[in-house]
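Participant: Please work out how this folds:
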Amino acid sequence: MKQNIKIIAIERIHILIKNAIFNSRNFPELAQRQADLAKKICTKYRVAMPYEIKMNFCKKCKNFIVPGVNSRIRIGRTSLKSVRITCHFCGHIYRKVIAH
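Facilitator: Below you'll find the model as predicted:
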């Protein structure tokens, strides 16, 4: 029974994030609310948020960010290849290293 609840929770999280990404350009408040609901589901049912969804949250201000809408993504030009993500809410820049 408990495993079924966790599976349903993960499905709901994916649906909410998909809808939040879809609504992020025209209805940013609704998208933020949907993303917050997805986070609350994770904490209530003790489900780890999948990595591809976790990347859509700013690490500093915890807001929901969508590439090209309210965040900027750049590729680093140094010898250590990385992706720079800039949050438009707080201006925080964080990097994800690309392995060769």
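
Participant: The residue nearest the centre of the chain and I10, how far apart?
Facilitator: The centroid of the chain falls nearest to N56 when counting by CA atoms, centre = their mean (1.9 Å). Going from N56 to I10 by CB to CB, to the nearest Å gives 16 Å. (C-beta placed from N, C-alpha, C; glycine too.)

Participant: and if you look at C87?
Facilitator: Using CB to CB, we find C87 at a distance of 26 Å from I10.

Participant: Point out the other helices and strands that the lengthiest helix in the chain packs with.
Facilitator: Ranked by residue count, the top helix of the chain under DSSP state H comes out as helix 2-23. Helix 2-23 sits against helix 28-44, helix 51-54, with contacts defined as 3 or more CB pairs under 8 Å, 6 or more residues apart in numbering; DSSP states H and E.

Participant: Show me what counts as buried in the last one.
Facilitator: What that stands for is helix 51-54. I53 (16 or more other CB atoms under 10 Å).

Participant: Same question for stretch 70-81.
Facilitator: Those would be 70-71, for stretch 70-81 by 16+ other CB under 10 Å.

Participant: average pLDDT for it?
Facilitator: Mean pLDDT, computed over stretch 70-81, is 87.
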